[in-house]
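1. Next one to model:
(chains A, B and C)
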Amino acid sequence: MRDVAVVGFAQSDSMRRETDRNEVEILIPVMQELRKKTGLTNDQVDFVCSGSSDYLAGQSFAFIAGLDAVGAWPPICESHLEMDGAWALYEAWVKIQMGYADLALVYGFGKPSMGDLPLTMALQLDPYTTMPLWPDAISIAAIQARLCQEGGTLSAEEMAERAVRDRGNAKSNPYAQVKGDFSVDGILADPYIANPLRKHDCSPISDGASVMIIASAEKAREFQDRPAFIRGFEHICEPMDFGVRDLTSSKSTEIAAEKAGVRADKIDVAELSAPFTHQEILVERALGLDESTNINPSGGALAGNPIMAVGLTRIGEAAARIWDGSADRAVAHATSGPCLQQNLVCLMEGN
Amino acid sequence: MSEDPIEVFLQPIQLDYDYTAGVSASRFLRAIEQGKLLGQRCPVDGRVYFPSRGSCPQHAVPFADDGAVELPDRGTIVTYSIVRVPSENIPLELPYITVQVLLDGADTVLMHVLDGDLDTVRMGLRVEAVWKPKEEWTTSLANILYFRPLDEPDADYDSYKEHI
Amino acid sequence: MSEPSLTAPHQLAYTYKRSLGPVLSRFFTALRDRKILGVKRKDGTVLVPAREYDPDTAESLDELVEVQDTGVVRSWSWVPKPRAQQPLDHPFAYALVQLDGADTTMLHVVDAGSEAQMATGMRVKARWAKETSGAITDFVFVPGE
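-> Got it, this is the predicted structure:
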């Protein structure tokens, strides 16, 4: 395996509704900021990979416009996924591992505020027997939360604790959307939006973008004195039908964490991309995290959820804590599909 | 009730959006509502993009607000095609001519249709826009109905060969 | 910037035409006849809806068996304000229902009248459409037997 490190990152604010700019106009200043911070020029980039969703944009091939932010003439080596940018990073990492590239530029962007996001998410379900019923993302997550609560896996109090922790942590994150001081009692007094989920159990809907640079060890030190070396990178998928999955644990996260070597030593920082509080608990457990780990110092997905960028942003937030020396070993998580169907785990170390 | 097995299933999808054009496209569309064709000059190499899209796709730099360039509604056909297949979204009588027009002063081409002779349409043909009546103008490129030939000599190949 | 972005309502609408293949063809044809089919796995357990492949072993499956159109709610959530695309125009529940004769749950709709009528473990039965077309929307569940 080649040593590959995360060496640059920039993100936009997570915004409930960006009224003026379109998707690519949200991305352009983030890309500009990354170039300014790192001095990156296009001739240094061997591969470009991105994640976005045409269903969010409401038009086919919407992702092509994203290339206006990159500069694709003379022609570049490029790929796109209808997945969170964290999976685009995985593709770029594989490309570097295979020796086809030494440095890659990766980005994710989305503007879900133009449509009805929870309903749009129904289109990722089985198209024959499930999608025609148009189950929205919040209803499906609520079914999972009830299974967890009634089966004794977790409690409403524990869920509220995650909302309090994450939104409290987010006070120091200038890019976060939902932040502040909340209390478990206050949250539990709120009404349900989809019983047993309260508003605080759900991540916000966020417009936003993030951009990252990864590089082989030889190039990494041109950008960072202390690169965040990727020591384990895995993504694991569960079956399509809810009925054949155990929705009260995140088995795929567990397997990914095992393969990535997460439990081999202490984790200083974890950044999790679970869009609902009960899912965050399942992911924490699957990763084997406890009080010794600083979980979601940025606030995680519950404080800002720029869909298609949120997972990549978790990796960027974790890497930044290695760059500044506040963490030696960090893990980032991204998810895709309903009820934590597919999970990605990225383990990074400073040494 | 039919006894035939069901082998195919039809699933209608309907999603509603409140679509935002964005800063650059809004500027372009508001100008065309006034009958103005607005391009955007790249701050790096000075090339003029029409329609403008917010950043230079070659250099990946945002267009500056003061980089807007008003273009004339005449130009040169750099390539064309004769369409003989109907399309649901194009209410024109067949056959018709689609053209790529390089407006004078622009460095990117505009896709539109030509009201012209199938036998004499050619690369280099000089054309001008035919607009809807002013009272029907909206924030849409459809304010231009079509292009028609000008009574001018053809443009030199060298003047547009870079834009084919 | 002087003026806000132009916005416009935009509708993305089209119809997917999907081939069903042999297993799902039988599943949907049975729905038209108001019957629900599962598929038997090698270990004898029954998956509903019927599937072409075993999700654990990837073995081909083709032994279709009829299950009851009655069952038990294993989990649910309440939809207080249905969207236009959703199957009912009044509040309802999405639920994981384990049909009698099935070993797995399926996601479907319970027309329960009110949230207070919903409970995990409750019995439900299918209410079939007057005209069935061979689609998963040919029925919804209602409480009781």
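
2. A:G115 - nearest residue in space that isn't next to it in sequence?
-> Closest residue to A:G115 apart from its sequence neighbours, by CB to CB, 6 or more residues apart in numbering or on different chains: B:Y17 at 4.6 Å. From N, CA and C alone the C-beta is placed, and that goes for glycine too.

3. isn't B:G75 right up against B:D107?
-> No: B:G75 is beyond contact range of B:D107, at 11.5 Å (criterion: CB atoms under 8 Å).

4. neighbour-wise, which of the two wins?
-> Taking neighbours as other CB atoms under 10 Å in any protein chain shown, B:G75 and B:D107 compare with B:G75 leading, 29 against 17.

5. Check which helices and strands the longest strand along chain B sits against.
-> For chain B, the longest strand by residue count, based on DSSP state E, is strand B:8-20. Packing partners of strand B:8-20 (3 or more CB pairs under 8 Å, 6 or more residues apart in numbering or on different chains; DSSP states H and E): strand C:7-19.

6. The strand it packs on pairs with which strands, parallel or anti?
-> strand B:8-20 (antiparallel) (DSSP bridges).

7. A:Q224 versus the nearest residue to C:D62 once chain neighbours are set aside, what's the distance?
-> Leaving out its chain neighbours, the residue that sits closest to C:D62 by CB to CB, 6+ apart is C:V23, at 6.3 Å. Separation of C:V23 from A:Q224 (CB to CB, to the nearest Å) stands at 53 Å.

8. ok, the closest residue to A:I187 other than its chain neighbours - contacts?
-> The shortest distance from A:I187 to any non-neighbouring residue, by CB to CB, 6+ apart, is to A:A160 (4.2 Å). A:A160 sits next to A:V184, A:I187, A:L188, A:R198, A:H200, A:D201, A:T277 when contact means CB atoms under 8 Å, 6 or more residues apart in numbering or on different chains.

9. tell me the phi and psi of A:A160?
-> phi -60, psi -40 (degrees, to the nearest 10).

10. all helices of chain B, in order?
-> B:23-33, B:157-160 (DSSP state H).

11. Which residues of chain B lie near chain A?
-> The interface of chain B toward chain A, taken as CB under 8 Å from any CB of the partner chain, is made up of B:9, B:11, B:13, B:15-26, B:53-62.

12. Give me the phi and psi for C:T120.
-> Dihedral angles (degrees, to the nearest 10) for C:T120: phi -60, psi 140.

13. can you pull the pLDDT of it?
-> C:T120 is assigned 98 on the pLDDT scale.

14. Specify which member of the contacts of A:A160 is nearest to A:R21.
-> A:H200 (28.6 Å; CB to CB).

15. Break down chain C into its strands, ranges please.
-> C:7-19, C:36-40, C:46-47, C:64-67, C:70-79, C:92-99, C:106-110, C:123-128, C:139-143.

16. I'd like those as TSV, with mean neighbour count and mean pLDDT appended.
-> As requested, the strands of chain C are exported to TSV (neighbours: other CB atoms under 10 Å in any protein chain shown; pLDDT from 0 to 100):
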stretch	mean neighbour count	mean pLDDT
strand C:7-19	11	93
strand C:36-40	21	98
strand C:46-47	22	97
strand C:64-67	16	98
strand C:70-79	23	98
strand C:92-99	26	98
strand C:106-110	24	98
strand C:123-128	18	98
strand C:139-143	19	98
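
17. could I get the ones you listed as TSV with distance to A:N173?
-> Listed next are those as TSV, based on distance: least, CB to CB, whole Å:
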stretch	distance to A:N173
strand C:7-19	29
strand C:36-40	48
strand C:46-47	44
strand C:64-67	50
strand C:70-79	30
strand C:92-99	34
strand C:106-110	35
strand C:123-128	45
strand C:139-143	44
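
18. right, and those strands - which one's nearest A:H235?
-> Comparing the strands of chain C by CB to CB, strand C:106-110 comes nearest, at 24.2 Å.

19. ok, the closest one near chain A or not?
-> Yes: against chain A, strand C:106-110 shows contacts by CB under 8 Å from any CB at C:M106, C:L107, C:H108, C:V109.

20. and that strand, what does it pack onto?
-> strand C:92-99, strand C:139-143.

21. For chain B, find the nearest of the ones you listed.
-> strand C:139-143 (15.4 Å; CB to the nearest CB).

22. got the contact list for the closest one?
-> C:31, C:34, C:69, C:71, C:87-88, C:92, C:95, C:97, C:108-113, C:117, C:122-129, C:132.

23. can you list the residues of chain C near chain B?
-> C:1, C:3-20, C:25-26, C:28-29, C:32, C:84-85, C:134-135.

24. sorry, that was for chain A
-> A:18-22, A:24-25, A:28-29, A:31-32, A:42, A:55, A:58, A:65, A:67-73, A:111, A:114-116, A:119-120, A:123, A:127-128, A:131-132.

25. Let's see the PyMOL selection covering just the buried ones among those.
-> Selecting only the buried entries of the residues of chain A next to chain B in PyMOL, with 16 or more other CB atoms under 10 Å in any protein chain shown as the criterion:
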select buried, chain A and resi 18+20+21+22+24+25+28+29+31+32+42+55+58+65+67+68+69+70+71+72+111+114+115+116+119+120+127+128+131+132
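
26. Out of the residues of chain A next to chain B, which sit inside helices?
-> Using DSSP H, A:V24, A:E25, A:I28, A:P29, A:M31, A:Q32, A:Y55, A:L119, A:T120 are the members of the residues of chain A next to chain B that sit in helices.

27. Neighbours of B:D158, how many?
-> As a burial measure, B:D158 scores 7 neighbours (other CB under 10 Å).

28. The residue nearest to A:S216 when sequence neighbours are not counted and A:K95, how far apart?
-> Nearest residue to A:S216, sequence neighbours excluded (CB to CB, 6+ apart): A:D102, at 4.6 Å. Distance, A:D102 to A:K95, by CB to CB: 10 Å.

29. got a list of contacts for whichever strand or helix holds A:Q144?
-> Here A:Q144 sits within helix A:137-150, counting by DSSP states H and E. Identification of contacts with helix A:137-150 by CB under 8 Å, 6+ apart yields A:117-118, A:121-122, A:153-156, A:159, A:193-197, A:201-202, A:242, A:247-248, A:275-276, A:278-279, A:281-282, A:338-339, C:74-79, C:94-96, C:107, C:120.

30. Filter these down to just the buried residues.
-> A:117-118, A:121-122, A:153-154, A:156, A:159, A:193-197, A:201-202, A:242, A:247-248, A:275-276, A:278-279, A:281-282, A:338-339, C:74-79, C:94-96, C:107, C:120.

31. Quick one: name whatever helix or strand follows the helix or strand harbouring A:A320.
-> Using DSSP H and E, A:A320 falls within helix A:310-323. For helix A:310-323, the succeeding helix or strand toward the C-terminus, using DSSP H and E, is strand A:329-336.

32. between that following strand and helix A:310-323, how big is the angle?
-> For strand A:329-336 against helix A:310-323, the angle by axes from the mean of the first three to the mean of the last three CA atoms, to 10 degrees is 170 degrees.

33. So which other helices or strands are in contact with strand A:329-336?
-> helix A:85-97, helix A:251-260, strand A:269-271, helix A:277-287, helix A:310-323, strand A:342-349.

34. and with 10 Å instead?
-> Here strand A:329-336 is seen to pack against helix A:85-97, strand A:228-237, helix A:251-260, strand A:269-271, helix A:277-287, helix A:300-303, helix A:310-323, strand A:342-349 when contacts are counted using 3 or more CB pairs under 10 Å, 6 or more residues apart in numbering or on different chains; DSSP states H and E.
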